[in-house]
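> I'd like to go over a predicted model; first the sequence, then the structure.
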Amino acid sequence: MKTISILRIGGVVALAIFLLTYPFFASPFFVIQIGIQSLFLGLIALSLIFLAGYSGMVSLAQMGLYGAAGYTLGFLTVTIGLSWYIGVGAALIASVLLSAIFAFISVRTQGIYFLMITLAEAMLVFYFAEQNDYFTNGHTGINGIQPPTVGSLVLSDPTTFYFVTLMIAVLVYLGLRYLIRTPFGLALQGIRDNAQRILTWVHRSHSYYRYPDYCGAGQSHLFRRRLCGSGIFHAHYKLRQFIYRPF
């Protein structure tokens, strides 16, 4: 056990050193195409791990919410001409609201039925984005997304954008590690293992357990969709090509 702990600590330290020094030895192309893209796609993977590993539900709708957030940002900042911070806030809200609709449709299903319903939800977003001319500009996508400036931080610089994305990815990871150890996270794991046993063990007035297959699972849906709101990073990442097309 001691050897395993030492190896784990060494691996974490090595990974931290690599992530912190990556922009200084990699070319801008690799910082953008590999470093930044891996970090924000990692947030999507975290949402899938959270939903599948701790709630027992494997979803295929992640990328649909991810794309919806990015398109909302592009639409408000390019088509409407609003400020980037309004676009970011609206993108997160839109992602959560759409996730609530998706959760309402799919949360009562299990297994292959849940998998296929979430696939249908993702395909609904895909075909809407492909065919809508006003909101998403169809197959062409949204052109002209500009890099935001936050105080002295200019996100058009690949190194700056990389470290901002890295900071947010680390905060999300640590927050998720904390969440799974809270009563809510433990309740989700209990519901995953045996919802009926959880129902008989705890006080029936608690909403998580009175409707364990709906309340706990539904809130886990909303939380992982907030993670899918990282589509706003993808929209700003695509500013390198000045176009947003997540699919």
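On my side now, so go ahead. Numbers count the residues shown, from 1 in each chain.
> kindly confirm my reading that residue 129 is in a helix.
Yes - checked against DSSP: H, G, I helix; E, B strand; the rest coil, residue 129 lies within a helix.
> that one touches residue 136, doesn't it?
Yes - judged on Cβ atoms under 8 Å, residue 129 makes contact with residue 136 at a distance of 4.5 Å. For glycine as for every other residue, the C-beta is placed from the backbone atoms N, C-alpha and C.
> okay, and the common contacts of those two?
Residues touching both residue 129 and residue 136 (Cβ atoms under 8 Å, 6 or more residues apart in numbering): residue 71.
> and the two? Which one has more around it.
Neighbours were counted for residue 129 and for residue 136 using other Cβ atoms under 10 Å; residue 136 has more, 27 against 23.
> what comes up buried for the helix or strand in which residue 38 is found?
In the assignment (DSSP states H and E), residue 38 maps to helix 37-55. Neighbour counts using 16 or more other Cβ atoms under 10 Å place 39-44, 46-48, 50-51, 54-55 of helix 37-55 among the buried residues.
> between these, which is closest to residue 192?
Comparing the buried residues of helix 37-55 against residue 192 with Cβ to Cβ places residue 55 closest, at 5.7 Å.
> distance from the helix holding residue 38 to the middle of the chain?
The chain centroid and the centroid of helix 37-55 are separated by 7 Å under Cα atoms, centre = their mean, to the nearest Å.
> is it true that residue 66 touches residue 59?
No - counting by Cβ under 8 Å, residue 66 stays clear of residue 59, with 11.9 Å between them.
> of those two, who's got more company?
residue 66 (29 against 26).
> next, give phi and psi for residue 119.
Here is the backbone geometry of residue 119 (degrees, to the nearest 10): phi -60, psi -40.
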